[in-house]
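> With the sequence up front, the predicted model follows.
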Amino acid sequence: MNKTFPHRLALQQRVLPSYRIAFFDLLAQSCESMSLFAGMPRPEEMIASGTPQIAKYHEVKNFHLFSGTFYFCHQRGFIDWLKEWDPNALIVEANPRYLSTPAAVSWMHARGRRVIGWGLGAPKRSGVWSHFIHQFDAILSYSQRGAEEYTSLGFPRDKIFVAHNSVSPKPMLNIERLTFNVQPILLFVGRLQSRKRVDSLLRACAEMGSNPRLMIVGDGPERTALEALAKEVYPSADFIGAKHGADLKPYFEQADLFVLPGTGGLAVQEAMSHGLPVIVAKGDGTQDDLVRAENGWQIQPEDHGALVSAIKNALSDRARLREMGKESFRIVAEEINIQKMVEVFVDALNNAG
């Protein structure tokens, strides 16, 4: 790969989740060299960490202060790492709760080097956020909604770069779906926890006249309770257990429709790369760019009626559902994947400041 940013890059993260490793390694290939500065999550967050193969990894000690609304994080050794790595540019998480960031920004600016913030967006009419983001030379936003939020706080729009949040590479093989199952197959993939609203999905399937097959792939603290609920309201639900990587492929290939009724979830893009239409709950804005009327439905995470309506609507027209699946594949193949994400990061690095 050509070194499209032929300089040393430093990138700070609070934690280094395993699902970001492929992206970071791909970004590292576009630079002269790249070092990641990150610590470990709190045990209750249940975030699986990983280790990059190409990017250098500098593990630090995270000091987690308080929790909830009052949570802050201090990362020891930020300036020492910058001195040692001596980067030409720095990318940091754009979050004022990370107390070590302002000093790092000042260190870089004192040497005439650019700093880019990377984030989901910002609360409206927040003086703290407005002051915080204006220290950056540019901002990388996960979504168009996030870009609009940064703009509303007065950050120059021409210094905001939208890098659509992605965890999956561009799919190499287009899986053409020529037929549907006689008994429609709905698929959920994710951790079984309350915010995923799998309970609502079980109840919704019970209200379908078509009696779809429901495959639930994943594990987590709510599994026992969900299995008990399934016996009561939808006994045919199939709890597969946790599957990862290649072991997930057969389930995506069998399904007719992917459903994520609660917040969060990284499997949506993978489902789309297998040509599946999707139903997802609205979240932080990243779903707005990924799921459109042409390839799926967005619903409110706590609206059971909307979930039932969306599933019934989806299963009512098989030919339309097939076309929506084709559009899902096109979106992740052409617009939203980690290769496109790297392109935007490099564009920001070359044009910030």
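It's in.
> distance between stretch 143-162 and the chain's centre?
With CA atoms, centre = their mean, to the nearest Å as the basis, stretch 143-162 stands 19 Å off its chain's centre.
> Flag every buried residue along that stretch.
For stretch 143-162, the neighbour count (16 or more other CB atoms under 10 Å) marks 143-151, 153, 155, 159-162 as buried. Placement of C-beta: from N, CA and C, glycine included.
> cool, stretch 206-225 as well?
Buried residues in stretch 206-225 (16+ other CB under 10 Å): 206, 208, 212, 213, 214, 215, 216, 217, 218, 220, 222, 223.
> Confirm the second one sits in a strand?
In this case it means residue 208. No. Membership of residue 208 in a strand is not supported by DSSP: H, G, I helix; E, B strand; the rest coil, which gives coil.
> That one and residue 312: what is the separation?
Distance, residue 208 to residue 312, using CB to CB, to the nearest Å: 7 Å.
> which neighbours does the longest strand along the chain have in its sheet, and in what orientation?
Ranked by number of residues, the top strand in the chain under DSSP state E is strand 5-15. Strand 5-15 pairs in its sheet with strand 31-39 (parallel), strand 89-93 (parallel), by DSSP bridges.
> among those strands, which is nearest residue 331?
Nearest to residue 331, of all the strands paired with strand 5-15, is strand 89-93, at 25.5 Å by CB to CB.
> Give me the secondary structure label for residue 27.
From three-state DSSP, the assignment for residue 27 is helix.
> and the nearest residue to it once chain neighbours are set aside, how far is that from residue 348?
Nearest non-adjacent residue to residue 27, counting by CB to CB, 6 or more residues apart in numbering: residue 342, 5.1 Å away. Going from residue 342 to residue 348 by CB to CB gives 11 Å.
> what's the answer for residue 264, then?
26 Å.
> hang on, the earlier thing: pLDDT on the longest strand of the chain, on average?
The average of the pLDDT scores along strand 5-15 is 97.
> now do stretch 290-302
The average pLDDT within stretch 290-302 is 93.
> Stretch 84-96 too?
Across stretch 84-96, pLDDT averages out at 98.
> ok so, going back, which ones among the buried residues of stretch 143-162 map onto strands?
Using DSSP E, the subset of the buried residues of stretch 143-162 located in strands is 160, 161, 162.
> mind listing which of the buried residues of stretch 206-225 are in strands?
Per DSSP E, strands hold the following members of the buried residues of stretch 206-225: 213, 214, 215, 216, 217.
> Just give me the closest of the residues you listed to residue 195.
When those are compared against residue 195 (criterion: CB to CB), the nearest one is residue 216, at 15.3 Å.
> What score does that closest one have for pLDDT?
So, for residue 216, pLDDT stands at 98.
> Doesn't residue 116 lie inside a strand?
Yes. Counting by three-state DSSP, one finds residue 116 located in a strand.
> ok, it touching residue 348?
Yes. At 5.6 Å, residue 116 counts as touching residue 348 under the criterion of CB atoms under 8 Å.
> right, and the helix or strand after the longest helix along the chain?
As assigned by DSSP state H, the longest helix anywhere in the chain is helix 318-334. Using DSSP states H and E, the next helix or strand after helix 318-334 towards the C-terminus is helix 338-351.
> How far away from the center of its chain is that following helix?
17 Å.
> What's the mean pLDDT across that helix?
Mean predicted confidence for helix 338-351 is 96.
> ditto for stretch 315-330
Across stretch 315-330, pLDDT averages out at 93.
> same deal with stretch 143-159?
96.
> Convert the C-alpha atoms of it to CSV, please.
C-alpha atoms of stretch 143-159 as CSV (Å, rounded to 0.1, in the frame of the first residue of the first chain):
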residue,chain,number,x,y,z
SER,A,143,-21.7,10.3,11.0
GLN,A,144,-23.4,13.2,9.2
ARG,A,145,-25.5,13.8,12.3
GLY,A,146,-22.3,14.1,14.3
ALA,A,147,-20.9,16.6,11.7
GLU,A,148,-24.0,18.7,12.0
GLU,A,149,-23.7,18.7,15.8
TYR,A,150,-20.1,19.9,15.7
THR,A,151,-21.1,22.6,13.1
SER,A,152,-23.9,23.8,15.4
LEU,A,153,-21.2,24.5,18.1
GLY,A,154,-19.3,26.8,15.7
PHE,A,155,-16.6,24.4,14.4
PRO,A,156,-15.8,25.2,10.7
ARG,A,157,-17.7,22.8,8.4
ASP,A,158,-14.8,22.7,6.0
LYS,A,159,-12.6,21.2,8.8
